[in-house]
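Asker: Output the structure for:
(2 chains)
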Amino acid sequence: MATILAVDDSNSMRQMVSFTLKQAGHEVTEAADGAQALELAKKAKFSLVISDVNMPKMDGITLIKQLRTLPAYKFTPLLMLTTESSADKKQEGKSAGATGWIVKPFNPDQLLATVKRVLG
Amino acid sequence: MSIDISQFHQVFFEESFEGLDLMESALLGLSQGSDDPELIHLIFRAAHSIKGGSGTFGFTAIASFTHVMETLLDEMREGERSVSKPALTLLLQSGDVLRDMLEAARDGREFDPDRAATMQAQLEGLLDGEVGRSPVSSQTEADSRSAWRIQFRPYPDLLKTGNDPVRMFRELAALGEMTVEVDTSAVPRAEVYDAETCYLAWTITLSGDISREQIDEIFEWVDGDCDLVVEALGARQESPLPQSADTPKAPAAAPLAGGSDEDRRSGDDRRKTDRRTTAAADTSIRVSINKIDEIINMVGELVITQSMLGQFGTEVEEFDSGMIEKLRDGLSQLERNTRDLQESVMRIRMLPISFSFNRFPRLVHDLSAKLGKKIDLKISGESTELDKTVMEKIGDPLVHLVRNSLDHGIEMPDERAAKGKPETGVVHLNAYHQGGHIIIEISDDGGGLPTDKILSKARQRGLVGEGETLSHEETLQLIFEPGFSTAETVSDVSGRGVGMDVVRRNIKDLGGSIEVRSERDQGSKFTIRLPLTLAILDGQLLKVSDEIFIIPLVSIVESLQIDVNKVNAIAGSVEMYRLRDDYVPIVRLYELFDLQPSNTSLQDALLVIVEHDGRKVGILVDELLGQQQVVIKSLETNFRRVAGLSGATILGDGMVALILDVGGLISMSNRGPASQPPRNRERAA
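Answerer: Purely as a prediction, here's the structure:
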């Protein structure tokens, strides 16, 4: 269906996101931090990027900023995984160019619903 | 779609424990005065991941506990709160509680909610009640209306956030009946038209049983990128709420997870409890990709060698000398491949000793505070690798030795100052490889072992005779004797004399050894030598009757040819051999294992002296064969436990050779003649 890049430094989160999306028939590539994700995104075009915010090396906000500067990702949906406590982060993410966010904790159904929302 | 997320629990727990370890060492780094901002970020990320994961995987209690920690850390990270000593101590303690909570969750146990609540209250106290406000927005009243009018005027750049009005309309349409009017007045002439800009605006009428929340959720992501007016039709109670860039973010905080999800989650929680226990049962280790790649590489080589050798089987009809040369090459290549592969596979089980060392910064931190001493812990060689099983078993002895160093080794600051030493003592943990062994050193610059006290204590206990004089080294060895402790007062830090002998026994059980060196007022150094793995041992092959036995090389003291004049029979049955000043019992393996002896005479026979726990016996053998590394196969799993044997191995020719359990043999030989079958006795005589 869609090719999705899942970025999270937490292995379990990443596995869960990736597994859920794969179950729904998507093709998923995983990255453990922003820097790795950016490299991957430059090599292949993903139709959606889902990224955690707090990560070592390069955080999610910077990743989104960087991705938006790439012509291939100008209009690509970029979703942040965030916690409800960080309302400021959402704003920060939006100004960096994030399409939207998924609030942690979430369950697989919520994840799929949100993904469906941007992949239409 | 239903996805069973309990399958991710194990990974979640593993990474959470790793996160906690990182958090702890970073906290300790901070409390030692480091001001590296990355440390706080690292701690924050660890707490953040645990919180996110625990919420997602249904451990709500852990999530809410971690939330408070995270809030505190966030303030520190943003520089809104100073990183104070009490805060660090509290965070360290919270880390402990969190670890216990995670362990309880992993094992499917109940966790004492009071403990978490007490800790949480302390954290909240530190936050000055700033977290009294629930993070979840209070806007949860669902006021359903039958119809809504939505005026949606995106800012030109809306598309550049990846949002697409078409998708949003599709979602709105899914809620109820929708009519849309489009306002094209802003669309410019074609020559200045920019395809990436949004010029359109819409007025949407939506009817059906729809709540304001559902609409807000759809527009949540574009809040700030558009002018949005949502009005209820046919009802005037609610004033139109213009949502533009300057509106407060309150509605945005309405999370995807509504009240109904809360129920679903707690349902999940219950269901999962049953599974956790099984998940906890199997342990796993992380293996770096490099190691796996290496193995795959070698298997590749092996396959090549195999196909090369395979050609001989299928294609070659007759051997000429050239073929034999090739065959030899192939076989030696096969041998090399196999050996490399074996080493690599063994290395999978190898973990850096930092796994074991990592607990010490915290131990030193806590204990030095408790003892009122100033102690620096230095760790080096932490990347030295060691078999996982050995690592697990060496943990407790190490803790014991470090505790001893802290408690008895390092002096109080004033005492140190009086001796002209720096007030802060240093305990050094070091590890390195030497041959097939790992060496672990625990050294301190403390007072050293009090040899005079050790000696007088030993005389008191009758371990050393009145007139006997011991060298410095011999005196130090006394601390490993059972029931020996020189602690003037028994403290709760280091034990009550059940110490060093147990440490030594544990290390010996692993096939290792421990040595101590100590100088008065300069400190002590304990050196532990351990085999890298328990799966392989260096063995001496020997022949008795038609059987080949293996003695672990580490237990062998010497091998000698018997001088019959030095053999004495005590009580007419147990034969003793006089080895310099010592008498060692002679063990005849063919008697023990009921074999047909090929030689019963002691004249010029070979005797292998082995030692375990300070006791020696001489094993009578027919022939000494080579030394080689053998892979240990468990007798218990493949056959059953046999006294005097610790395992078996398969030799190059496919024969099974039994590995002697030296400790077991010694205690068997000590049991005396009564335990030996009389039939054998006759034969021996």
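Asker: low-scoring stretches of chain A, by residue?
Answerer: A:84-86, A:120 (pLDDT under 70).
Asker: how much space between the residue of it found nearest chain B and residue B:533?
Answerer: Here chain A gets closest to chain B at one residue, residue A:105, 2.9 Å apart by CB to the nearest CB. (Each C-beta comes from the backbone N, C-alpha and C, glycine too.) Going from residue A:105 to residue B:533 by CB to CB, to the nearest Å gives 42 Å.
Asker: Between these two, which has more neighbouring residues?
Answerer: Remark: of residue A:105 and residue B:533, residue A:105 carries more neighbours, 25 against 21, as counted by other CB atoms under 10 Å in any protein chain shown.
Asker: got a list of what the nearest residue to that one once chain neighbours are set aside touches?
Answerer: Nearest residue to residue A:105, sequence neighbours excluded (CB to CB, 6 or more residues apart in numbering or on different chains): residue B:55, at 2.9 Å. By CB atoms under 8 Å, 6 or more residues apart in numbering or on different chains, the contact set of residue B:55 is A:83, A:104, A:105, B:63.
Asker: Same check on residue A:82?
Answerer: For residue A:82, counting by CB under 8 Å, 6+ apart, the contacting residues are A:53, A:89, A:90, A:93, A:101, A:102, A:103, A:104.
Asker: and those residues, which of them are in strands?
Answerer: A:101, A:102, A:103, A:104 (DSSP state E).
Asker: Dump those into JSON lines; add distance to residue B:98 as well.
Answerer: Below are these laid out as JSON lines (distance: CB to CB, whole Å):
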{"residue": "A:101", "distance to residue B:98": "26"}
{"residue": "A:102", "distance to residue B:98": "25"}
{"residue": "A:103", "distance to residue B:98": "22"}
{"residue": "A:104", "distance to residue B:98": "17"}
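Asker: what about the residue nearest to residue A:105, distance to residue B:107?
Answerer: 20 Å.
Asker: Neighbours of residue 38, how many?
Answerer: As the question left the chain open, I've gone with chain A. Count around residue A:38 with other CB under 10 Å applied: 22.
Asker: try again with chain B
Answerer: 11.
Asker: Between which two of the contacts of residue A:82 is the distance greatest?
Answerer: Checked with CB to CB, the contacts of residue A:82 reach their widest spread between A:93 and A:104, with 13.5 Å between them.
Asker: For chain A, just list every one of the strands.
Answerer: Using DSSP E, strands in chain A cover A:3-7, A:27-31, A:48-52, A:78-83, A:100-104.
Asker: Pairing partners for the third one, with directions?
Answerer: To tie it back to what came earlier, the one meant is strand A:48-52. Note on strand A:48-52: by DSSP bridges, its sheet partners are strand A:3-7 (parallel), strand A:78-83 (parallel).
Asker: Can you tell me which of those is most buried?
Answerer: strand A:78-83 (a mean of 26; mean count of other CB atoms under 10 Å in any protein chain shown).
Asker: and that strand with strand A:100-104, angle?
Answerer: In terms of direction (axes from the mean of the first three to the mean of the last three CA atoms, to 10 degrees), strand A:78-83 departs from strand A:100-104 by 30 degrees.
Asker: Is residue A:106 in contact with residue B:58, as I believe?
Answerer: No. Applying CB atoms under 8 Å as the test, residue A:106 and residue B:58 come out as separate, 11.6 Å apart.
Asker: The residue nearest to residue A:105 in helix, strand or coil?
Answerer: Secondary structure, DSSP: H, G, I helix; E, B strand; the rest coil: residue B:55 is helix.
Asker: what sits against the spatially most central residue of chain A?
Answerer: Compute the mean C-alpha point of chain A, and by CA atoms, centre = their mean the closest residue is residue A:50, 1.2 Å away. Contact analysis of residue A:50 by CB under 8 Å, 6+ apart lists A:4, A:5, A:6, A:7, A:17, A:79, A:80, A:81, A:102, A:115.
Asker: Try it again at 10 Å.
Answerer: A:4-8, A:14, A:17-18, A:21, A:28, A:37, A:60, A:77-81, A:101-102, A:111, A:114-115, A:118 (CB atoms under 10 Å, 6 or more residues apart in numbering or on different chains).
Asker: For it, give the beta-bridge partners.
Answerer: residue A:6, residue A:79.
Asker: three-state assignment of residue B:305?
Answerer: Per three-state DSSP, residue B:305 ends up helix.
Asker: Alpha carbons only: can I get stretch B:290-310 in PDB?
Answerer: This file holds the C-alpha atoms of stretch B:290-310, laid out as PDB (Å, rounded to 0.1, in the frame of the first residue of the first chain):
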ATOM      1  CA  ASN B 290      28.800  -7.500  13.300                       C
ATOM      2  CA  LYS B 291      29.000 -10.700  15.200                       C
ATOM      3  CA  ILE B 292      26.100 -12.200  13.200                       C
ATOM      4  CA  ASP B 293      27.600 -11.000  10.000                       C
ATOM      5  CA  GLU B 294      30.800 -12.600  10.900                       C
ATOM      6  CA  ILE B 295      29.100 -15.900  11.500                       C
ATOM      7  CA  ILE B 296      27.100 -15.700   8.300                       C
ATOM      8  CA  ASN B 297      30.400 -15.000   6.500                       C
ATOM      9  CA  MET B 298      32.000 -18.100   8.000                       C
ATOM     10  CA  VAL B 299      29.100 -20.300   7.200                       C
ATOM     11  CA  GLY B 300      29.500 -19.100   3.600                       C
ATOM     12  CA  GLU B 301      33.200 -20.200   3.700                       C
ATOM     13  CA  LEU B 302      32.200 -23.500   5.200                       C
ATOM     14  CA  VAL B 303      29.700 -24.100   2.300                       C
ATOM     15  CA  ILE B 304      32.500 -23.300  -0.200                       C
ATOM     16  CA  THR B 305      34.800 -25.800   1.500                       C
ATOM     17  CA  GLN B 306      32.100 -28.300   1.700                       C
ATOM     18  CA  SER B 307      31.300 -28.100  -2.000                       C
ATOM     19  CA  MET B 308      35.000 -28.300  -2.800                       C
ATOM     20  CA  LEU B 309      35.300 -31.500  -0.800                       C
ATOM     21  CA  GLY B 310      32.100 -32.700  -2.100                       C
END
